[in-house]
Structures are given as structure tokens and as C-alpha cells.
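A.B. asks: can't give you the sequence, but here's the structure:
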């Protein structure tokens with residue numbers, strides 16, 4: 001009899017577990033964004049990268065081969081990701097922290113990602129790098145803490161939120177690593193005079209807790225075309241790749257947690273980066289090395305998997321896409337179905353109701369559009385033309401640039417071309433750059449010289465389909481005068497549509 005009772009009790013436990021998994025909410029969302037990462041992943045053909053977990057997610061989803069940030073600056077880019085608006089339109093021109101003190105308009109509250117998903121019945125949580133403002137605009141219900149340099153720890157910290165069965169709402173989790181951003185000191189073991197940055201890795205080949213660090217030899221890394229193939233650059237890339245491998249282990253742990261909870265096939269996973277790698281020629285530029293990002297989407301409800309999409313997508317598409325997945329996108333007006341009027345929201349809040357809360361034209365719809373309908377469709381298109389802008393990174397780095405790009409040509413307008421290009425403090429100090437800078441203005445730096453990198457012309461026109469490395473500027477070539485004029489017109493039209501304040505520079509600068 002006791003044996004029967006034991007068996008019966010065990011069956012009850014199993015049934016309870018199965019019931020919990022069955023009751024688990026559908027259409028959960030995990031958005032995973034890294035800090036300063038180019039498409040240096042195995043799934044993008046990078047043979048040096050050790051990224052089996054994200055490669056596996058890509059094999060089970062859609063890998064976008066032409067995904068672009070709209071600006072290669074951390075906070076400004078994140079404001080785009082979480083608003084669906086270009087940063088020069090949402091008001092966040094540069095960094096949020098410390099003396100930089102940029103913030104989005106208060107009226108972005110109507111469109112902000114965590115707000116609109118909460119309105120659709122999602123419980124929302126954020127962990128890791130946040131880096132936007134105001135908090136009330138980009139408000140999450142729950143804020144979790146973990147070491148942003150340890151994605152494995154971050155995954156473990158979100159486990160309780162993921163598996164919480166006391167709340168039957170679907171979940172949205174925004175996970176932002178600090179890897180592979182520069183920082184953590186210099187590698188003093190390097191034999192060269194200039195010491196490479198550690199990129200968040202521990203000194204002396206020590207490991208982060210719970211991580212099996214993957215160490216790289218400088219000779220084994222891949223040097224992208226916009227960087228110089230030098231010992232100093234390779235030494236820094238070795239640390240960069242190690243940091244990426246650590247992120248991958250966090251993805252592996254996250255997938256494991258979802259599968260254990262029976263939620264892997266009920267959760268949309270999106271993986272991207274705020275912009276390209278933290279090397280001069282990447283971060284803070286509008287070159288391909290700054291704007292091109294990894295972008296992997298696994299939609300558990302999409303039947304066709306393992307798709308590589310050539311469609312051009314942009315960071316402005318993220319918020320409307322996630323809202324579309326949640327069923328909350330008004331596709332005719334391209335804004336939330338459950339519209340919250342910003343003026344009504346702020347009118348009884350004295351700390352904000354007298355603020356300059358938004359641009360004169362209003363903020364009534366997303367600039368981006370949903371890519372949910374093209375998942376699983378390798379031949380589908382999305383944007384014919386994409387746009388990018390940069391104005392600040394650190395506040396002392398005023399260097400506005402505007403970009404129009406399609407599959408044939410890319411035009412860069414360096415609005416402040418009379419000024420030397422201003423470096424982010426960590427990029428100026430990078431041994432990769434300093435080693436070449438010490439050799440003089442004629443020293444090679446990727447496809448350019450050091451002098452050409454610092455002193456830029458007003459316009460840069462590239463035949464991007466034939467010259468993906470942006471080696472030959474066609475702007476002064478008379479054979480391309482008509483093409484140059486055509487793309488200038490495209491850029492002006494976009495600036496006018498977006499009410500970009502820098503449009504006036506066409507007339508007097």
C-alpha cells in the first residue's frame with residue numbers, strides 16, 4: 001500500500017510540473033543586446049569566432065545579413081532600439097550618463113518599447129546595460145542586477161523571472177551586456193610597448209565566475225578590412241574575441257533555462273548589438289564597421305528555420321517588430337493599438353508638464369516597420385534605402401554626419417568636415433590606433449591613411465555593392481556627379497521628412 005501511495009504521489013508531482021509548463025504564457029520575448037559588437041560570429045562566416053550557442057539559435061531562426069544600427073554611439077543607438085525612432089528625432093543625440101546628459105523627449109512615452117509591451121499585458125524586466133533616459137519614458141516593471149561582463153551570471157539572474165508562475169502574463173526581458181565594450185584595464189603581459197585593452201577580460205588569463213574563458217592568439221584572429229593588420233591590432237582583437245565567446249556562453253545558459261522551463265518554444269529570441277566594434281573605423285563612425293551589426297531572430301512560431309535573409313533591416317524596426325509579435329501594432333497607423341496620448345499622460349505630472357516634451361511635429365508613429373512578416377523568407381525584402389545619423393558620442397565629440405544607403409551606393413555627409421574628426425576617449429587611447437598615429441599622417445589605417453581618417457571631406461560616396469570596404473571615395477569623380485546629386489536629394493528629402501534640425505546646414509555650411 002505504501003508503494004502505491006509513493007507512486008501516486010510521484011505521479012501527482014509530475015502532473016503538477018506538466019501543468020505548470022502547459023500554463024506557461026505564450027509569446028514571451030527576450031531581447032539580447034551586446035555592447036560594441038560587429039557580426040564577428042560563426043554564423044556570419046567568421047572562422048575565428050567561438051560562438052556555438054548563438055550559431056545554433058541562428059540555425060533555428062532567421063539570420064539577417066544586412067542589419068544596420070542607425071548610429072554607432074551607445075546611448076543614442078539604444079534610444080532608437082527602444083523607441084523605433086531615429087535618435088535625432090527622439091531627442092537623444094549622445095550619451096545619457098555623467099556630464100553628457102542627453103535624454104529622449106518626454107513624449108516618446110507613447111512609443112517606448114517597455115511601455116507599449118506593458119500596455120499589451122507583458123510583465124517587463126531589464127538587466128545589464130540600460131543607458132537611456134528619462135527612466136519614466138523607458139520604464140520597466142522590474143530591474144534586475146548582475147555583472148554585465150558575465151552573461152552567464154545575467155542568465156542565471158533572470159531565471160526566477162522567467163520561471164515565475166505566480167503571474168500568468170507573458171514576459172519581456174531586455175538583456176544588455178557590457179561585453180565586448182573596451183574596459184577593465186590593459187593587458188600588462190603583452191610584450192609590446194603599447195598594451196592592448198582587456199575588453200572586460202580578467203587580467204592574467206583569469207576567468208569570470210561560471211565561464212570557461214576562450215583565449216585567442218593574435219595570429220588566429222581575423223582583421224576586418226577597416227583596421228590595420230598589425231601586431232597591436234591583433235593583440236586587441238584577441239581580447240575582443242574572448243569577450244564575445246563569454247557572451248556566447250550566456251546565450252547557451254539562457255537557452256538551457258528556457259528549455260528546462262518548457263518555454264523555449266514559447267519565446268521569441270532576438271540577438272543584436274548596439275553598433276559595431278570599439279575600434280577606430282567602427283564605433284562612432286558611420287562606416288560599415290560602425291553601422292553593420294549582428295542580428296538573429298528565433299521566432300518559435302515560424303515554421304521555416306535556418307534562413308539567411310538578405311533583406312536590409314534597421315534598428316528603427318525593433319520596437320514595432322516586437323510590438324507586432326505581441327499583437328499590439330496598429331499596422332495602418334504604424335503605432336501601438338492601445339495608444340497613450342503623451343499630453344494626457346504628462347498633464348498631471350508637475351515635474352514634466354512644463355518641460356519641452358517633444359518636437360513641434362509630434363511623435364505619432366514609428367519610423368521603423370515590422371520584420372515579423374519576413375521571418376523565414378530568404379528572398380523577402382524590407383527596406384530599399386536606409387538612413388543613419390550621428391551628432392555626438394561624448395558631448396565634446398560634436399561631429400554631425402548623415403547617411404543614405406541602398407544596395408548600390410552609400411553617401412556620407414560630414415557636416416562638420418572643417419573640423420578634425422573627434423575621437424571617443426577610449427578609441428583615441430587604443431593601441432591599435434596609437435601605433436599607427438605614431439608613424440605619421442601617411443601611415444596606413446585600414447583602407448585609409450591616418451590623415452584621411454582624421455581629416456574628412458564634406459561628402460563620401462561609395463559604390464557599396466562593388467566596394468563594400470569603402471576604399472574609393474567617388475564624390476569628387478566627375479563621372480559620378482549625377483549619382484552624387486541624386487543621393488544628396490535623397491538625403492535632403494529624408495531630413496525634411498524627419499524634421500532633422502541639421503537640414504539647415506545645406507544652406508550655410
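C.D. replies: In hand now; what should we look at? Everything quoted here is computed from the prediction, not taken from an experiment.
A.B. asks: in stretch 56-66, what's buried?
C.D. replies: For stretch 56-66, a neighbour-count test (16 or more other CB atoms under 10 Å) marks 56-58, 60-66 as buried. Yep, even glycine has a C-beta here, placed from its N, CA and C like the rest.
A.B. asks: next one: stretch 106-126
C.D. replies: So, applying 16+ other CB under 10 Å, buried residues of stretch 106-126: 106-120, 122-126.
A.B. asks: What mean pLDDT does that stretch get?
C.D. replies: The average pLDDT within stretch 106-126 is 98.
A.B. asks: gap between that stretch and the chain center?
C.D. replies: On the basis of CA atoms, centre = their mean, to the nearest Å, stretch 106-126 sits 18 Å off its chain's mean C-alpha point.
A.B. asks: cool, stretch 248-260 as well?
C.D. replies: With CA atoms, centre = their mean, you get 20 Å for stretch 248-260.
A.B. asks: Run through who's touching that stretch.
C.D. replies: The contact list for stretch 248-260 (CB atoms under 8 Å, 6 or more residues apart in numbering) reads 30, 32, 50-54, 56-57, 150-156, 158-159, 162-163, 175, 177, 211-212, 264, 267, 269, 271.
A.B. asks: In strands, which of the buried residues of stretch 56-66 appear?
C.D. replies: Among those, the members falling in strands (DSSP state E) are 62-66.
A.B. asks: neighbours around the residue nearest to residue 335 when sequence neighbours are not counted, how many?
C.D. replies: Using CB to CB, 6 or more residues apart in numbering and skipping residues adjacent in sequence, the residue nearest residue 335 is residue 365, 4.7 Å away. Burial of residue 365 is recorded as 16 neighbouring residues (other CB atoms under 10 Å).
A.B. asks: next SSE after the lowest-mean-pLDDT helix or strand in the chain?
C.D. replies: When each helix and strand of the chain is scored by mean pLDDT, DSSP states H and E, helix 2-23 comes last, with a mean of 48. Tracing the chain past helix 2-23, the next element assigned as helix or strand by DSSP states H and E is strand 28-34.
A.B. asks: State the mean pLDDT of that following strand.
C.D. replies: Strand 28-34 shows a mean pLDDT of 98.
A.B. asks: who does it touch, helix- and strand-wise?
C.D. replies: Applying 3 or more CB pairs under 8 Å, 6 or more residues apart in numbering; DSSP states H and E, we find strand 28-34 packed against strand 171-176, helix 231-260, strand 267-273, helix 318-325.
A.B. asks: Quick one: the strands in the stretch 351-500 of the chain, in order.
C.D. replies: Under the criterion DSSP state E, counting those that start in this stretch, strands of the stretch 351-500 of the chain are mapped to 386-390, 401-405, 410-414, 444-445, 448-449, 459-462.
A.B. asks: Quick one: closest of the ones you listed to residue 432.
C.D. replies: Among the strands of the stretch 351-500 of the chain, strand 444-445 comes nearest to residue 432, with 9.0 Å by CB to CB.
A.B. asks: Pairing partners for the closest one, with directions?
C.D. replies: strand 448-449 (antiparallel) (DSSP bridges).
A.B. asks: Excluding residues flanking it in the chain, which one is nearest the residue most central in space within the chain?
C.D. replies: Geometric centre of the chain, nearest residue: residue 274, 2.3 Å, by CA atoms, centre = their mean. Nearest in space to residue 274, with sequence neighbours left out and distances taken as CB to CB, 6+ apart, is residue 77 at 4.3 Å.
A.B. asks: Is the one you found in a helix, a strand, or coil?
C.D. replies: Under DSSP: H, G, I helix; E, B strand; the rest coil, the three-state class of residue 77 is helix.
A.B. asks: separation between it and residue 452?
C.D. replies: For residue 77, the distance to residue 452 equals 25 Å [CB to CB, to the nearest Å].
A.B. asks: Who has more neighbours out of these two?
C.D. replies: More crowded of residue 77 and residue 452, by other CB under 10 Å: residue 77, with 28 against 17.
A.B. asks: where's stretch 343-360 relative to the chain centroid, distance-wise?
C.D. replies: With CA atoms, centre = their mean, you get 29 Å for stretch 343-360.
A.B. asks: same check, this time on stretch 63-78
C.D. replies: With CA atoms, centre = their mean, you get 5 Å for stretch 63-78.
A.B. asks: measure that stretch end to end?
C.D. replies: 21 Å (CA to CA, to the nearest Å).
A.B. asks: do stretch 407-418 as well
C.D. replies: End residues of stretch 407-418 are separated by 29 Å (CA to CA).
A.B. asks: Quick check: buried residues in that stretch?
C.D. replies: So for stretch 407-418, counting by 16+ other CB under 10 Å, buried means 409-417.
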